[in-house]
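[1] Predicted model and sequence below, questions to follow.
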Amino acid sequence: MPSLKPSRKVLLAGLAAAAGLAFTAVPASAQVDLPDGPALARNLARKVTITGVNRHLIALQRFADRTGGTRVASSDGHEQSAEYIATKLETAGFVVSRQEFPFTFTQTLAERMTANGTAVPIDIMVYSPSTPVGGITAPLAVVPAGPTPGCEASDYTGLDVTGKIVLVQRGDCTFAVKQQLAAAAGAIGVIVFNNAPGPLAGTLGDPAAGVVPTGGITQAAGEALRTQAGATINLELRALREDRTTYNVIAETQTGRADNVVMAGAHLDSVVDGPGINDNGTGSAVLLETALQLGSMPRVNNKIRFAWWSAEEFGLLGSEFYVTSLDFERQLDIALYLNFDMVGSPNAARFVYDGDNSDAVGAGPGPFGSAQIEAAFVDFLGATGVETEGTDFTGRSDYGEFINQGIPAGGLFTGAEGVKTQAQADKWGGVAGMPYDPCYHQGCDNLGNLDRTVLDSNADAIAWVTATYGISTEDINGIPPNASAKTVAVAKASNAKARLAATVAALNSGPHDNDSHFVTQ
């Protein structure tokens, strides 16, 4: 997932406490009582096993181990992972393409801050300009609290920030806007503190957006600094930045109608700091095993298209590039998008994306059809004895651009840096008060950082729902199995209006920022 990046700062004591849950063996084969449904869905759910999924995860671990410990986009580890997947799918008869695109690669070189000589942990924001080696030293200026902290030029009226490092609270506008306004007022650096507990690692959204060095700190550290206007701040934030290329792997069945495509995706790249076996080897491996067991010529009514995205960890770039490269008619051919990003966390939650906004948390509902996708996963998992909870469409995974373009979306998520509650531990097991993934975005996100029983269960659900929509998307877009070309044309014309409306609504809703990868606001 893109990231709030706090996990690498999890206390060693916390990691030790979680160590007992971090490794689970491959579960013994067991026949799960499957609900009634299409024969293809029942057969595929039985054929997609944790043994097959685990074999792909071992391969991803080895690609990282022999290429410097990472599978970050544009690295040898990522390319070997991508070719492993593409070659297997080509051999199985899928129509496979490699979609190359440019991106700006960044790698943190230094993150350090002191206030009057006392160290304060800080995270550099993606696309932040770098300080000189050794950092910059200046007095601290504090932007007063308010409904739009640092989001209006008037917030700096009467506040002398020239030549100073500004402290401002997160909220109301993007980090890019905050640092641009501070710089316009004369600031030489910006520190944004969180408006909720926990660290804050964000992105300025675009390489051209950065004006002054900008980093994020915790809410607690920020509240302490608010009383220290004039304190001497030394700030060192440095990152490597290079223009590079990488590629998505796209594969689709040879059967099924091309004007009503079921799409399922997972990001393949890891962060620089580790092999990314849970994030997101799990989603990638389940998707690969699902495709291989389905086969390239299944008896489906709707073509099934699988995608392994790259540069997700740099801001969902691969999926965004793919969706925006399609004209509206080609977007309209996509009936729905299923997203699988972290589906085997060691202290796992059992989350399903909240397509209908029944939880009333954060973002609103997804485009029409998203509620039905949510129900499909909830119903299947419920029928197999798994109680689920909703999770918000925060915009921090690859469903984001699909939703922006009005394409219904849904999927599964087992949690990242969020902390498991006691009620969740009572319901699902695991350790309350610990992150769902204590190794999120760290080097320890390896083969020992998995709950394979949960992964096995989620693999069944992924296979079931994907195959079910391969047979019919009637509840999503009104297109029944074996529909005539005229029926599809009428349905698509109706869906086009709905998608245009959903696109406008998504654009007007602004950025979301609460759940998984680097945030913009």
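    The structure has been received and is ready for your questions. Residues are numbered from 1 along each chain as shown.
[2] do you know how far the residue of the chain positioned farthest from its centre is from residue 144?
    Within the chain, residue 158 marks the point farthest from the mean C-alpha position, 40.7 Å out by C-alpha atoms, centre = their mean. As judged by C-beta to C-beta, to the nearest Å, residue 158 and residue 144 stand 10 Å apart. No exception for glycine: its C-beta is placed from N, CA and C like everyone else's.
[3] Return, as residue ranges, the portions of the stretch 301-450 of the chain with sub-threshold pLDDT.
    For the stretch 301-450 of the chain, no stretch is flagged by pLDDT under 70.
[4] ranges for the helices of the stretch 151-300 of the chain?
    Remark: helices assigned in the stretch 151-300 of the chain by DSSP state H, counting those that start in this stretch are 175-184, 219-225, 283-294.
[5] what's the most buried one of those?
    Highest mean neighbour count among the helices of the stretch 151-300 of the chain (mean count of other C-beta atoms under 10 Å): helix 283-294, with a mean of 27.
[6] So which residues make contact with that one?
    Helix 283-294 is contacted from outside by 44, 47-49, 52-54, 56-57, 60, 81, 85, 88-89, 92, 94, 251, 253, 264-268, 304, 306, 308, 339-343, 455, 458-459, 462-463, 466-467, 470, using C-beta atoms under 8 Å, 6 or more residues apart in numbering.
[7] Restricted to helices, list these.
    Using DSSP state H, the subset of these located in helices is 44, 47, 52-54, 56-57, 60, 81, 85, 88-89, 455, 458-459, 462-463, 466-467, 470.
[8] buried subset of those?
    Buried subset of the ones in helices among the contacts of helix 283-294 (neighbour count, 16 or more other C-beta atoms under 10 Å): 44, 52-54, 56-57, 60, 81, 85, 88-89, 455, 458-459, 462-463, 466-467, 470.
[9] shaky segments in this structure?
    3-22, 29-31, 486, 492, 497-519.
[10] one more time with 50
    4-19, 507, 510-516 (pLDDT under 50).
[11] per-domain residue ranges of it.
    With domains defined by automatic domain parsing, the chain comprises 7-94+253-509, 108-240.
[12] To residue 102, which of those lies closest?
    Proximity to residue 102 (C-beta to C-beta) singles out domain 7-94+253-509 among these, at 8.9 Å.
[13] so how far is the closest one off the chain centroid?
    How far domain 7-94+253-509 lies from its chain's middle: 10 Å, per C-alpha atoms, centre = their mean, to the nearest Å.
[14] Make 866 the starting number, not 1.
    Happy to do that; since the first residue is 866 now, the last one works out to domain 872-959+1118-1374.
[15] now the strands for the stretch 1116-1265 of the chain?
    1122-1132, 1167-1174, 1199-1205, 1216-1218, 1254-1256 (DSSP state E, counting those that start in this stretch).
[16] which one of these lies closest to residue 1145?
    Minimum separation from residue 1145 across these (C-beta to C-beta) falls at strand 1122-1132, 5.0 Å.
[17] Which residues belonging to that closest one are considered buried?
    Neighbour-count burial for strand 1122-1132 flags 1122, 1124-1132 (criterion: 16+ other C-beta under 10 Å).
[18] Only alpha carbons, please: show it as PDB.
    What follows is strand 1122-1132, C-alpha atoms only, in PDB (Å, rounded to 0.1, in the frame of the first residue of the first chain):
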ATOM      1  CA  ARG A1122     -17.100 -10.400 -24.000                       C
ATOM      2  CA  ALA A1123     -14.600  -7.600 -24.300                       C
ATOM      3  CA  ASP A1124     -17.300  -4.900 -23.800                       C
ATOM      4  CA  ASN A1125     -18.100  -6.100 -20.200                       C
ATOM      5  CA  VAL A1126     -14.800  -6.800 -18.500                       C
ATOM      6  CA  VAL A1127     -14.300  -7.900 -14.900                       C
ATOM      7  CA  MET A1128     -11.000  -6.500 -13.700                       C
ATOM      8  CA  ALA A1129      -9.000  -7.500 -10.600                       C
ATOM      9  CA  GLY A1130      -5.700  -5.900  -9.600                       C
ATOM     10  CA  ALA A1131      -3.000  -5.800  -7.000                       C
ATOM     11  CA  HIS A1132       0.200  -3.800  -6.800                       C
END
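[19] so that strand versus strand 1167-1174, what angle?
    If you take axes from the mean of the first three to the mean of the last three C-alpha atoms, to 10 degrees, strand 1122-1132 sits at 30 degrees to strand 1167-1174.
[20] Against which helices or strands is strand 1122-1132 packed?
    On a contact count with 3 or more C-beta pairs under 8 Å, 6 or more residues apart in numbering; DSSP states H and E, strand 1122-1132 meets helix 1148-1159, strand 1167-1174, helix 1182-1190, strand 1199-1205, helix 1317-1336, helix 1350-1374.
[21] could you redo the helices of the stretch 1016-1165 of the chain as TSV and give each row distance to residue 1234?
    Supplementary listing: these in TSV, determined by distance: least, C-beta to C-beta, whole Å:
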stretch	distance to residue 1234
helix 1040-1049	32
helix 1084-1090	37
helix 1148-1159	20
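[22] which one of the ones you listed lies closest to residue 1110?
    Nearest to residue 1110, of these and by C-beta to C-beta, is helix 1148-1159 at 20.0 Å.
[23] The closest one to helix 1317-1336, inter-axis angle?
    50 degrees.
[24] Helix 1148-1159 vs strand 1199-1205, what angle?
    Using the same axes, to 10 degrees: helix 1148-1159 against strand 1199-1205 is 120 degrees.
[25] To residue 1307, which of the helices of the stretch 1016-1165 of the chain lies closest?
    Across those, closest to residue 1307 is helix 1148-1159 (C-beta to C-beta), at 18.1 Å.
[26] isn't residue 1292 right up against residue 1253?
    No: between residue 1292 and residue 1253 there is no contact under C-beta atoms under 8 Å: 9.7 Å.
[27] Name the residue in those two with the higher neighbour count.
    Per other C-beta atoms under 10 Å, whichever of residue 1292 and residue 1253 has more neighbours is residue 1253, with 20 against 16.
[28] what's that one in contact with, if anything?
    1215-1217, 1242-1243, 1246-1247.
[29] again, but for residue 1117
    Each residue near residue 1117 by C-beta under 8 Å, 6+ apart is listed here: 959-960, 1126, 1168-1171.
[30] Compute the distance between it and residue 976, please.
    Going from residue 1117 to residue 976 by C-beta to C-beta gives 42 Å.
[31] okay if I get the domains of the chain as TSV plus distance to residue 1111?
    Output for these, formatted as TSV (distance: least, C-beta to C-beta, whole Å):
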stretch	distance to residue 1111
domain 872-959+1118-1374	4
domain 973-1105	15
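[32] Please identify which of the ones you listed is closest to residue 1386.
    domain 973-1105 (4.6 Å).
[33] Assess the claim that residue 1121 and residue 1170 are in contact.
    No: with contact defined as C-beta under 8 Å, residue 1121 does not reach residue 1170; the gap is 9.2 Å.
[34] Common neighbours of the two, please.
    The overlap between the contact sets of residue 1121 and residue 1170 (C-beta under 8 Å, 6+ apart) consists of residue 1127.
[35] For residue 1132, which non-adjacent residue is spatially closest?
    Among residues not flanking residue 1132 along the chain, residue 1177 sits closest, at 3.4 Å (C-beta to C-beta, 6 or more residues apart in numbering).
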